[in-house]
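Colleague: mind folding the following:
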Amino acid sequence: MNTEPVVVNRPADSPVISAFGDQMVLHLSAEETGGRFTMWTNITPPGGGPPPHYHENEDEWFWPLSGEAEFLKDGEWITVPPKTAVLMPKGSIHSFRNPNDEPLEMLIQTVPGGFDKFFNECSQEFAKGGPPDMGAIVAISAKYGIHYPDP
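Modeller: Residues are numbered from 1 along each chain as shown. Next comes the predicted model:
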């Protein structure tokens, strides 16, 4: 018998974390899932998306909810319609971007959990005002096993 508490997070109760121009609407944090996974809705403005990167620790999967999304896969950009499942295993260089005129919403999960901690720490750097210290962002990323390969 499982003795862990059942977690129910309603949309109004989900914290919103902002960094990199995106918003993370956190549905299930690593803390709430015992570190097993993190689940959130990512809202990316038109033209937005992270630079190519890879994760040492997490597998990451995406489910676009609205509009098309573009994903970097094997060095090439591919366009997918809403409701397409995309898996980026740990160690794979990947990215995504929003080619739409409207914000792109995607349900994203990482296994194991902890991506919310990374995003929250980065949000503090972006909240300082002015352009973020990219050296600090790269250092925070490395702390969480996220790396940006040279182009």
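Colleague: from now on I want contacts and neighbour counts done on CA atoms only, so please keep to that.
Modeller: OK.
Colleague: and stretch 16-24, end to end?
Modeller: Terminal residues of stretch 16-24 lie 5 Å apart, using CA to CA, to the nearest Å.
Colleague: state the mean pLDDT of the top helix by length along the chain.
Modeller: Taking DSSP state H as the criterion, the chain has its longest helix at helix 115-126. The pLDDT scores in helix 115-126 average 95.
Colleague: give me the distance from it to the chain's centre.
Modeller: Helix 115-126 sits 11 Å away from the centroid of its parent chain (CA atoms, centre = their mean, to the nearest Å).
Colleague: check contacts around the closest residue to Pro103 other than its chain neighbours.
Modeller: Nearest-residue entry for Pro103: Pro45, 4.5 Å, with adjacent residues in sequence omitted and distances by CA to CA, 6 or more residues apart in numbering. Applying CA atoms under 8 Å, 6 or more residues apart in numbering to Pro45 gives the contacts 21-22, 98, 102-104.
Colleague: Pro45 and Gly21: what is the separation?
Modeller: Counting by CA to CA, the gap from Pro45 to Gly21 is 7 Å.
Colleague: ok so Val7 is a helix residue?
Modeller: No - assessed with DSSP: H, G, I helix; E, B strand; the rest coil, Val7 is coil; it does not lie in a helix.
Colleague: residues touching it, list them.
Modeller: Glu32.
Colleague: which of the contacts of Pro45 sits closest to Glu125?
Modeller: Of all those, Gly21 has the smallest distance to Glu125: 12.3 Å, by CA to CA.
Colleague: how many neighbours does that closest one have?
Modeller: Applying other CA atoms under 10 Å, we find 13 residues neighbouring Gly21.
Colleague: what about Pro103, how many residues nearby?
Modeller: So Pro103, with other CA under 10 Å, has 18 neighbours.
Colleague: quick check: it touching Thr41?
Modeller: No - between Pro103 and Thr41 there is no contact under CA atoms under 8 Å: 11.9 Å.
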